[in-house]
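1. when you get a sec, could you give me coordinates for this:
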Amino acid sequence: MLAIAQKTIEWHDAKAAEAEPRAIVELAYLRFKRSNDIDFVTKHTPEWDEMCEATVSEYTVLARAQRATYNAKRRLETAVKAYKRIENGEATE
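-> Predicted coordinates for the structure are as follows:
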């Protein structure tokens, strides 16, 4: 049960760590739009491609944080499944 608690805290911390990179990406998008006098950028348009290219470094940091969150959640789910197997008396590997 302690392992589940630890994995839950890790997942929570990873989710919290996404906030800053997400805010940085949103700010980078806003700066791009303001500097190009654009109110809204539609996905899969030349403007979208240009904005993505201009903010690739910021987005890369966010993507890394998102992967960390995904992996923390996956580890939590694995810990829960292992606990349930033990609780049900199933053999563990």
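2. and the nearest residue to Phe40 once chain neighbours are set aside, how far from Leu76?
-> Distance criterion C-beta to C-beta, 6 or more residues apart in numbering; nearest residue to Phe40, sequence neighbours excluded, is Lys33 at 7.8 Å. C-beta coordinates here come from the backbone N, C-alpha and C atoms, glycine included. Computed as C-beta to C-beta, to the nearest Å, the Lys33 to Leu76 distance reads 37 Å.
3. between those two, which one's more packed in?
-> Each of Lys33 and Leu76 has its neighbours counted (other C-beta atoms under 10 Å); Leu76 has more, 21 against 15.
4. now that one: how far from Lys15?
-> From Leu76 to Lys15 the distance is 11 Å (C-beta to C-beta).
5. phi, psi for the spatially most central residue of the chain please.
-> With distances taken as C-alpha atoms, centre = their mean, Gln66 lies nearest the centre of the chain, 1.7 Å away. Per-residue torsions, Gln66: phi -70, psi -40 (degrees, to the nearest 10).
6. need the contact list for the nearest residue to it once chain neighbours are set aside.
-> In this structure, Gln66 finds its nearest non-sequential neighbour in Glu18, 6.3 Å apart by C-beta to C-beta, 6+ apart. Glu18 makes contact with 62, 65-66, 69, according to C-beta atoms under 8 Å, 6 or more residues apart in numbering.
7. okay then, goodbye and thanks.
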